[in-house]
Structure formats: C-alpha cells, structure tokens
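Engineer: okay, predicted coordinates and the sequence, questions at the end:
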Amino acid sequence: MLKNETALILWGVRSQDAPPGNYSEIRIDPDHKTTELFRLNNNIRTSGICPKADPVQLRFLYTVDDPDSRQLIYIPVVDWNSTDGFMAGMALHNGMLLPKTFKYLIIPFYSFRNRRLTGFVKASYNVTPFDSFIRMATFSVEGEQFGAPGDQLYHKIRVGSDVDFRSVKMTNPVIHSIFGYYIAASNLSIAEGDSESEMRSYLQSGYTVERRSMVNPFKMLLSFEAGRLYQKTSLEFNHRLSYNGKNNGLESRFFAGAMLQNGNADPVYGFAAGGRSGREQYLYHGIFPDRFGMFPETFWSRQMTLSEGGLISPVNDSLGYSRWIFSLSLASSLPGKASLIPVKPFVNLLLNDRGTGTAGKSLLFCEAGFKAGIWDLFEIYFPLLVTGNIDEITGSLKNRIRFVFRLDALISSF
C-alpha cells in the first residue's frame with residue numbers, strides 16, 4: 001500500500017503521478033492529517049469490482065465511526081400501539097457521530113396481532129458547497145406505514161429539502177434557512193372508518209431565522225401550507241430569556257395564523273385552538289401509541305402535539321377549527337435552586353374566531369397551571385385555572401390533564 005502522502009495527494013489530481021509499484025490499494029492522507037469532512041472517497045483498490053467502494057462493517061448497538069469504512073449498525077427494537085399491538089423489528093442506520101454525505105435510518109416492524117409489516121424509513125443526502133452563500137443543503141425522503149382502524153394501514157411519504165445559509169460573520173450565531181416539502185398521506189377521515197383510505201397531497205414551505213446559543217436563544221418560523229382546496233400561512237416565534245443557569249429562563253411562544261382559502265369540506269385543515277391529538281394529525285406528526293383513540297377513554301388518548309393555538313385543554317372537538325388565530329404562551333423555570341425541580345408554571349392566552357360558539361361568546365381563552373416531566377421528551381400539563389368558556393367545554397381538572405411524548409425526537413436526530 002502506498003504510504004507517501006505527497007505522492008497520494010498528487011495521485012488524487014493525476015493518477016499517472018503515483019510512483020510505479022505493485023499496490024493493492026492507494027489512499028489519500030492515510031494518517032488523517034488534513035482537515036476534511038468526508039473521507040470515504042480517499043481510497044481506491046487497483047483491482048476487483050467497484051474499486052472505489054469502501055468496506056462495510058456490521059456493528060451491534062453502537063460503534064465509534066471509522067472514517068475509512070462504512071458502518072451498518074443494527075439494533076433490535078420493539079414497539080406497541082393500540083392498532084398493531086406488539087411489534088418487533090430491527091433498526092438499521094449508518095452512524096450519527098461524524099457528519100456524512102448520505103445518512104439513512106430503516107426500522108421495519110412485524111405486527112404479531114395483524115401479521116403484517118409496518119415501519120419507518122428515512123434517508124438524506126447532504127451537500128456542503130465550498131465558499132458559497134449556502135452552508136449546507138439537505139435533500140431527504142422519509143415514509144411510514146402503520147395500522148389504522150378497520151384493519152387498514154395508513155401511509156405517509158415526505159420528500160423535500162432544507163437549505164441553511166452561511167452567515168456573513170463566522171461568529172454570528174443567527175442562522176437563516178428555507179425548506180420545502182411534498183407530502184402524500186392517507187386521508188385521515190377515511191382512515192377512521194371502514195372504507196379504503198385514499199392518499200392526499202400537500203405542499204409545505206417556509207423560512208426560518210434561529211439563534212442557536214446557550215443564552216437567549218430564539219427561533220422564528222414563517223410557513224405556508226397548501227392542499228386540495230385549502231391554503232394557510234402562519235408565523236411562530238419562540239424565545240427564551242435566560243436566567244438561573246443553563247436551559248433555565250422565561251420561555252415565550254407567539255403564534256399567528258390565517259386561512260387564505262378553505263374550500264375543503266373537511267374542517268380539520270383549519271387552525272386548532274388546542275394541542276392536536278393523534279386522530280387530528282392529518283399529516284401524522286409524532287409517534288402516538290394510541291393515535292386514533294377517543295379522549296379521554298384511555299391514558300394514551302391524552303397525548304397531544306403542541307402547535308398552532310397551543311391550549312392544553314381539549315377544546316378542538318367542541319370549538320372546531322379556526323379561520324384565524326392568535327396565541328401567546330409563557331412558561332418559566334422556578335426561581336433559584338428550585339429550578340432543579342422539573343416543574344414549570346405556564347400561562348396560555350388565545351384569541352380566535354370560534355368563541356361565539358360558547359355560552360359566554362368570548363373570543364378570548366385563557367388557562368394557567370404547571371407542567372412537569374423530562375423537558376423535550378415527556379411533559380405532563382395541569383391547567384388549574386381556566387376561563388369560563390374553557391370550563392364550559394371541559395368541566396373538571398381531570399378532563400384537562402394532557403401530556404406531550406416526543407419519542408420522534410430520537411428519530412429526528414438521525
């Protein structure tokens with residue numbers, strides 16, 4: 001094997017510059033002395049099929065990435081949901097510690113209750129242009145298939161790209177990015193019945209400004225979504241005023257949304273005043289063990305995804321979905337050393353066009369309480385104080401307790 005680094009660098013430009021010899025493989029920078037993100041194109045074999053292909057190493061559970069070979073990591077996994085029952089499968093991916101041009105995650109499951117295959121797949125290709133205003137462009141495709149009521153399967157496919165722009169100053173922590181996706185998903189209303197589910201198409205695009213810093217981080221998202229006969233746009237701004245050490249502070253979220261067009265007979269495409277349960281997720285966001293459960297019949301039916309209006313109280317079934325909506329949410333760490341306790345008080349305010357459907361006919365909704373749990377993974381919410389228009393819908397506190405379970409955050413890290 002050729003060991004002369006200077007000759008190898010020349011060979012990378014012109015193969016005839018390599019000194020003569022009987023080599024089985026030639027490498028560029030075998031000792032990894034140069035700065036380079038992707039090293040998997042630095043070797044070539046002098047014979048055999050696919051001489052530029054790198055060796056594949058099978059690894060169980062975890063491995064430290066080897067820059068000179070490709071890893072295939074396999075992990076036995078199990079899952080459960082109320083439709084498919086117990087599922088067993090295997091997670092396959094190519095590592096996550098070092099940056100890679102191509103990344104993938106494949107999780108096939110076998111449902112023992114329904115005797116069929118389910119699962120999730122995601123693949124992405126990263127491009128990092130040199131000396132360009134684009135810092136990184138990611139092209140991705142992902143899909144999932146799981147059970148739905150009536151012995152059916154729901155499907156979702158998402159294809160699109162994310163583009164991060166380079167800051168003028170290297171020390172600037174603010175990142176600008178844009179995204180665009182095409183999504184095909186099973187019709188949620190049909191999936192809840194016994195008829196065969198059809199696929200519907202959606203388009204999403206947006207612009208993001210984000211400061212990824214330990215102190216006072218923020219993120220602003222301007223988004224647009226369109227489907228068959230409807231269009232809507234929204235603005236979301238999240239900010240944390242830091243105090244009391246790392247990850248502590250006053251968290252604020254402002255959301256404003258408006259329907260540009262809504263000629264679809266299905267109202268679920270409007271803006272939700274409260275967190276959406278699994279059966280309200282027409283794009284099948286998140287991982288829900290009881291996605292199609294009716295609130296509050298089971299424990300898992302209390303799971304929600306906080307978006308749009310952001311109320312914790314389950315008001316969507318009674319209020320319906322809005323043409324326009326404004327909301328403000330505040331949550332704070334406890335003062336001093338008490339911030340170590342995983343409890344945060346919160347207040348949610350919401351203004352929309354659906355309040356006239358309540359006895360008080362007020363357009364303003366308000367709730368206050370506390371949340372506890374493991375932040376960004378599992379959070380349970382207790383809305384203790386609510387305005388009369390919410391109390392009219394939900395009744396006692398036990399009918400308002402809900403939680404967020406972000407198991408999909410582990411998948412999004414790949």
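Structural biologist: Noted; the coordinates are in hand.

Engineer: CA atoms for contacts and neighbours, from now on please.
Structural biologist: OK.

Engineer: could you point out which residue ranges in the stretch 301-414 of the chain have low pLDDT?
Structural biologist: The stretch 301-414 of the chain contains residues with pLDDT under 70 at 355-361, 412-414.

Engineer: tell me the helices in the stretch 51-200 of the chain, going along the chain?
Structural biologist: 188-191 (DSSP state H, counting those that start in this stretch).

Engineer: where does it have low pLDDT?
Structural biologist: Filtered on pLDDT under 70, the stretch 51-200 of the chain yields the residue ranges 51-54, 63-68, 190-197.

Engineer: switch to 80 and redo it
Structural biologist: Scanning the stretch 51-200 of the chain for pLDDT under 80 picks out the ranges 51-57, 61-70, 96-99, 168-171, 188-197.

Engineer: quick one, strands of it?
Structural biologist: 56-60, 70-81, 85-93, 102-111, 116-127, 134-148, 152-165, 174-186, 199-211 (DSSP state E, counting those that start in this stretch).

Engineer: equivalent analysis for the stretch 201-350 of the chain, please.
Structural biologist: Taking DSSP E, counting those that start in this stretch as the criterion, the stretch 201-350 of the chain carries its strands at 218-227, 230-242, 249-262, 324-332, 343-352.

Engineer: okay, those in TSV with distance to residue 28 and mean neighbour count next?
Structural biologist: Listed next are these as TSV, based on distance: least, Cα to Cα, whole Å; neighbours: other Cα atoms under 10 Å:
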stretch	distance to residue 28	mean neighbour count
strand 218-227	41	18
strand 230-242	46	19
strand 249-262	49	19
strand 324-332	53	21
strand 343-352	54	20
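
Engineer: output these as JSON lines; include the columns distance to residue 377.
Structural biologist: Below are the strands of the stretch 201-350 of the chain laid out as JSON lines (distance: least, Cα to Cα, whole Å):
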{"stretch": "strand 218-227", "distance to residue 377": "19"}
{"stretch": "strand 230-242", "distance to residue 377": "18"}
{"stretch": "strand 249-262", "distance to residue 377": "17"}
{"stretch": "strand 324-332", "distance to residue 377": "16"}
{"stretch": "strand 343-352", "distance to residue 377": "14"}
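
Engineer: mind putting the strands of the stretch 51-200 of the chain in JSON lines, mean neighbour count and distance to residue 49 included?
Structural biologist: Output for these, formatted as JSON lines (neighbours: other Cα atoms under 10 Å; distance: least, Cα to Cα, whole Å):
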{"stretch": "strand 56-60", "mean neighbour count": "13", "distance to residue 49": "15"}
{"stretch": "strand 70-81", "mean neighbour count": "16", "distance to residue 49": "17"}
{"stretch": "strand 85-93", "mean neighbour count": "18", "distance to residue 49": "24"}
{"stretch": "strand 102-111", "mean neighbour count": "19", "distance to residue 49": "22"}
{"stretch": "strand 116-127", "mean neighbour count": "18", "distance to residue 49": "24"}
{"stretch": "strand 134-148", "mean neighbour count": "19", "distance to residue 49": "29"}
{"stretch": "strand 152-165", "mean neighbour count": "19", "distance to residue 49": "32"}
{"stretch": "strand 174-186", "mean neighbour count": "19", "distance to residue 49": "37"}
{"stretch": "strand 199-211", "mean neighbour count": "17", "distance to residue 49": "42"}
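
Engineer: nearest to residue 335, of those?
Structural biologist: Closest approach to residue 335 among the strands of the stretch 51-200 of the chain is made by strand 199-211 (24.7 Å; Cα to Cα).

Engineer: what is that closest one packed up against?
Structural biologist: strand 174-186, strand 218-227 (3 or more Cα pairs under 8 Å, 6 or more residues apart in numbering; DSSP states H and E).

Engineer: to residue 260, which of those lies closest?
Structural biologist: strand 218-227 (9.4 Å).

Engineer: and that closest one, C-alpha only, in CSV?
Structural biologist: The C-alpha coordinates for strand 218-227 follow below in CSV (Å, rounded to 0.1, in the frame of the first residue of the first chain):
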residue,chain,number,x,y,z
PHE,A,218,-34.8,32.3,19.7
LYS,A,219,-36.5,30.8,16.5
MET,A,220,-38.9,32.5,14.1
LEU,A,221,-40.7,30.4,11.5
LEU,A,222,-42.8,31.8,8.7
SER,A,223,-44.6,28.9,6.9
PHE,A,224,-47.1,28.2,4.1
GLU,A,225,-49.1,25.1,3.6
ALA,A,226,-51.4,24.1,0.8
GLY,A,227,-53.6,21.0,0.0
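
Engineer: quick one: contacts of that strand?
Structural biologist: The contact list for strand 218-227, computed with Cα atoms under 8 Å, 6 or more residues apart in numbering, reads 200-212, 231-240.

Engineer: one more: stretch 130-149?
Structural biologist: Outside stretch 130-149, the residues touching it (Cα under 8 Å, 6+ apart) are 83-84, 118-129, 153-167, 191-194, 292.

Engineer: now do stretch 296-304
Structural biologist: For stretch 296-304, the surrounding residues in contact (Cα under 8 Å, 6+ apart) are 275-278, 288-295, 399, 401-405.

Engineer: do that again at 10 Å, thanks
Structural biologist: By Cα atoms under 10 Å, 6 or more residues apart in numbering, the residues outside stretch 296-304 that reach it are 81-82, 274-281, 286-295, 312, 314, 378-380, 398-406.

Engineer: any of those residues buried? List them.
Structural biologist: Among the contacts of stretch 296-304, those scoring as buried are 81-82, 274-281, 286-293, 295, 312, 314, 379-380, 399-406 (criterion: 16 or more other Cα atoms under 10 Å).

Engineer: tell me the contacts of residue 105?
Structural biologist: 73, 91-95, 120-124, 142, 411, 414.

Engineer: re earlier: now the strands of the stretch 51-200 of the chain in JSON lines, with distance to residue 43?
Structural biologist: JSON lines is the format used below for those (distance: least, Cα to Cα, whole Å):
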{"stretch": "strand 56-60", "distance to residue 43": "14"}
{"stretch": "strand 70-81", "distance to residue 43": "13"}
{"stretch": "strand 85-93", "distance to residue 43": "23"}
{"stretch": "strand 102-111", "distance to residue 43": "18"}
{"stretch": "strand 116-127", "distance to residue 43": "20"}
{"stretch": "strand 134-148", "distance to residue 43": "25"}
{"stretch": "strand 152-165", "distance to residue 43": "30"}
{"stretch": "strand 174-186", "distance to residue 43": "34"}
{"stretch": "strand 199-211", "distance to residue 43": "38"}
